[in-house]
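>>> give the three-dimensional model of this entry:
(chains A and B)
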There are 2 protein chains.
Amino acid sequence: MEKNVILTLEYDGSAFHGWQEQENLDTVQGSLQQALKEVTGLDIKVSGTSRTDAGVHALGQCCSFKADLGIPVERLPLALNNMLSGGRNGAGSKVGAIRVLSAVEVEEEFHARFNCAGKTYEYRISMGEPSAFERNRCYFVDGPIDVNLMSRATDYLVGTHDFAAFQAAGGTPRETTVRTIKEIFIASQGEKLTISVTGDGFLYNMVRIIVGTLVEVGQGRRTPESVGEALESLDRTKAGHTAPPDGLYLAEIYFDREIKR
Amino acid sequence: MEKNVILTLEYDGSAFHGWQEQENLDTVQGSLQQALKEVTGLDIKVSGTSRTDAGVHALGQCCSFKADLGIPVERLPLALNNMLSGGRNGAGSKVGAIRVLSAVEVEEEFHARFNCAGKTYEYRISMGEPSAFERNRCYFVDGPIDVNLMSRATDYLVGTHDFAAFQAAGGTPRETTVRTIKEIFIASQGEKLTISVTGDGFLYNMVRIIVGTLVEVGQGRRTPESVGEALESLDRTKAGHTAPPDGLYLAEIYFDREIKR
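Here you go, the predicted structure:
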């Protein structure tokens, strides 16, 4: 009997050319669908909540699919994680670059993308000496950074605004560039800085442009007020640079209904 | 004028087929020599202190070489790190899988391998849920682990012994299998365990076999006393399994003279 299933995933985005499947390239969606085929024998198309770009990580990406599985849903994480391991140079690492954290059956009408009501992205910054072990995992920037200035700048961004100035060209065309940012939280510990952005939805590269702009504020290269001016201008050239994908983590997804995960 | 130079390096071993250069394979030595060629125009052979295996990491590997550089030695780290970056999928990460931490001119007679007097290896274990971000960076083992039992087992290993039972086949032939372990230190924090082993030198896979054996003790699969018996037997089959390279870090190198690094 066909079931509707939601998977929750983490992945190291540096191992992939983004979420969306592409011929002859390692992608998260493609790798996951290949593993599903090996486990179930079926050609399954999964719908991801978020089409993360190349290099962007996930701590809690979701996707859903419908299939007549043949094995209990609760056995999927172990079976898929076995298939997804062994990635390093054929040396047989037991842990894959994608980890299926949970698999749960959901009601028939549920869809991981259409029923998404909001997301939290985390962006990790390091002001310390670059490290081989943190490459592709954070954005190394020159300190010092004034977190108070950054926080003042976030006041302009939180709320419902037209974020046209914080959108890169090249994304899926959208009906409107109005979005609501519910919260921007900046946590700093030593040389590490994490910027968490929660909103109902995000334009193409929106979080990375917000972070790039906030970094410029923190470094004293622009004022907090200039961020409000950039927002009002609706002009991409008035906002700051696009922070690299390396530091971006899709942290959590909220749905418009209670979903056990 | 020819100078004798020592480099100190860190690297993420999961990106390489080991230290030693091999044709058509990414190796640490090969990548470093390629970067040296791009920076200096010279074909330089570096001598590493330790020929780390595929997947083994370094926090403080050293190598030395002699060359008439053309640029000041102190400019080498920045120049080499620029050349060593950009590794991820062509997306242009600014941080490489190898980082040159320092470059210092040393006296003419010094050689990174021949003047090595000892090393510390760190081995990182996780008893927690495997994570995509820690894959290739630690050994995921099933807990619980009794650290006190492990510590008791280390008492048999510390000191000067014939470690024939803790040597894998396939290494460079050695005159003697007698080695001195100065210290084994086990630090545990939550689900993480780090085993530091300091000695004057190590046989092929010696640290990984020690760790594999200690893990079996910690899991209650063998007694601390059995480790002493394995050592005395000089028989590889009496020691435990070889822990994977993923968790092994060449942490520090000691020389037989004062070397500024």
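>>> and the strands in the stretch 151-261 of chain A?
A:159-162, A:178-189, A:192-199, A:248-255 (DSSP state E, counting those that start in this stretch).
>>> contact partners of the second one?
Read it as strand A:178-189. With Cβ atoms under 8 Å, 6 or more residues apart in numbering or on different chains as the test, strand A:178-189 has contacts from A:118, A:147, A:150-151, A:154, A:157-163, A:193-203, A:206, A:210, A:214. From N, CA and C alone the C-beta is placed, and that goes for glycine too.
>>> again with stretch A:163-177
A:162, A:178-179, A:203-206, A:208-210, A:213, A:230-231, A:233-236, A:238-239, A:242.
>>> list the buried residues of that stretch.
For stretch A:163-177, a neighbour-count test (16 or more other Cβ atoms under 10 Å in any protein chain shown) marks A:163-167 as buried.
>>> want to throw those into CSV with pLDDT?
Compiled in CSV, the buried residues of stretch A:163-177 are given as follows (pLDDT from 0 to 100):
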residue, pLDDT
A:F163, 98
A:A164, 97
A:A165, 97
A:F166, 98
A:Q167, 96
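>>> out of those residues, who's nearest chain B?
Taking Cβ to the nearest Cβ as the measure, chain B sits nearest to A:Q167 out of these, at 20.6 Å.
>>> out of the buried residues of stretch A:163-177, who's nearest A:R135?
A:F166 (26.5 Å; Cβ to Cβ).
>>> how close does the residue positioned nearest the centre of chain A get to A:Y121?
Nearest residue to the geometric centre of chain A (Cα atoms, centre = their mean): A:L250, 2.6 Å. Separation of A:L250 from A:Y121 (Cβ to Cβ, to the nearest Å): 6 Å.
>>> where does chain A come near chain B, residue by residue?
A:10-12, A:14, A:17, A:54-55, A:57, A:81, A:85, A:87-89, A:91, A:93-99, A:130-137, A:140, A:244-246 (Cβ under 8 Å from any Cβ of the partner chain).
>>> if I look at A:S50, how far off is chain B?
Applying Cβ to the nearest Cβ, to the nearest Å, the value for A:S50 to chain B is 16 Å.
>>> residues near that residue, how many?
Other residues near A:S50 come to 20 when the count uses other Cβ atoms under 10 Å in any protein chain shown.
>>> hang on, A:L36 packs against A:I44?
Yes: between A:L36 and A:I44 there is a contact under Cβ atoms under 8 Å: 4.6 Å.
>>> and these two? Which one has more around it.
Taking neighbours as other Cβ under 10 Å, A:L36 and A:I44 compare with A:L36 leading, 25 against 17.
>>> contacting residues around the closest residue to chain B within the stretch 151-261 of chain A?
Relative to chain B, the nearest point of the stretch 151-261 of chain A is A:D246 (6.3 Å; Cβ to the nearest Cβ). Listed by Cβ under 8 Å, 6+ apart, the contact set of A:D246 reads A:14, A:55, A:135-139, B:93.
>>> do you know how far the closest residue to it other than its chain neighbours is from A:G55?
Of all residues not flanking A:D246 in the chain, A:N136 sits nearest, at 5.0 Å (Cβ to Cβ, 6 or more residues apart in numbering or on different chains). Distance check for A:N136 against A:G55: by Cβ to Cβ, it reads 7 Å.
>>> try A:F65
A:F65 is 25 Å from A:G55, by Cβ to Cβ.
>>> same thing with A:M150?
For A:M150, the distance to A:G55 - Cβ to Cβ - is 23 Å.
>>> wait, A:I125 sits on A:R137?
No: counting by Cβ under 8 Å, A:I125 stays clear of A:R137, with 11.0 Å between them.
>>> which residues are in contact with each of the two?
Shared contacts of A:I125 and A:R137, counting by Cβ under 8 Å, 6+ apart, come down to A:G247.
>>> and the two? Which one has more around it.
The residue with more neighbours, out of A:I125 and A:R137 and counting by other Cβ under 10 Å, is A:I125; that gives 24 against 19.
>>> in ChimeraX, how would I select the buried members of the contacts of stretch A:163-177?
To isolate the buried subset of the contacts of stretch A:163-177 in ChimeraX, counting by 16+ other Cβ under 10 Å, use the following:
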select /A:179,203,204,205,206,208,209,210,213,230,231,236,238,239,242
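>>> go through the contacts of stretch A:163-177 and flag which are in helices.
The helices, defined by DSSP state H, take in A:206, A:208-210, A:213, A:230-231, A:233 from these.
>>> and the two most separated of those?
Farthest apart among these - using Cβ to Cβ - are A:R208 and A:S233, which lie 18.7 Å from each other.
>>> contacting residues for A:R257?
A:110, A:115.
>>> state the number of residues packed around A:L78.
Quick note: A:L78 (other Cβ under 10 Å) scores 12 neighbours.
>>> surely it is within a helix?
Yes: under DSSP: H, G, I helix; E, B strand; the rest coil, A:L78 sits within a helix.
>>> isn't A:E10 right up against A:G96?
No: the criterion here is Cβ under 8 Å, and A:E10 misses it with A:G96 at 10.2 Å.
>>> which residues are in contact with each of these two?
B:A132.
>>> now do the SS call for A:Q34.
Going by three-state DSSP: A:Q34 is helix.
>>> hmm, back to that, find the nearest non-adjacent residue to the residue nearest to the centre of chain A, please.
That would be A:A58: by Cβ to Cβ, 6+ apart, it lies 4.2 Å from A:L250.
>>> could you list the low-pLDDT ranges of the stretch 101-250 of chain A?
By pLDDT under 70, the stretch 101-250 of chain A has no low-scoring segment.
>>> give me that answer again for 80
Scanning the stretch 101-250 of chain A with the threshold set as pLDDT under 80 gives A:171-174.
>>> SS state for whichever residue of it sits closest to chain B?
Of all residues in the stretch 101-250 of chain A, A:R135 sits closest to chain B, at 3.7 Å by Cβ to the nearest Cβ. Here A:R135 is recorded as coil under three-state DSSP.
>>> from A:E183, how far off is A:L231?
Counting by Cβ to Cβ - A:L231 and A:E183 are separated by 17 Å.
>>> make that A:N4, sorry
A:N4 is 31 Å from A:E183, by Cβ to Cβ.
>>> neighbour-wise, which of those two wins?
A:N4 (18 against 11).
>>> give the contact list for the residue lying closest to A:P77 once chain neighbours are set aside.
Counting by Cβ to Cβ, 6+ apart, A:P77 lies nearest to A:V100, which is 4.4 Å off, once chain neighbours are set aside. Residues in contact with A:V100 (Cβ under 8 Å, 6+ apart) are A:7-9, A:32, A:76-77, A:80-81, A:84.
>>> check for me that A:V100 belongs to a strand.
Yes: looking at A:V100 with three-state DSSP, it is inside a strand.
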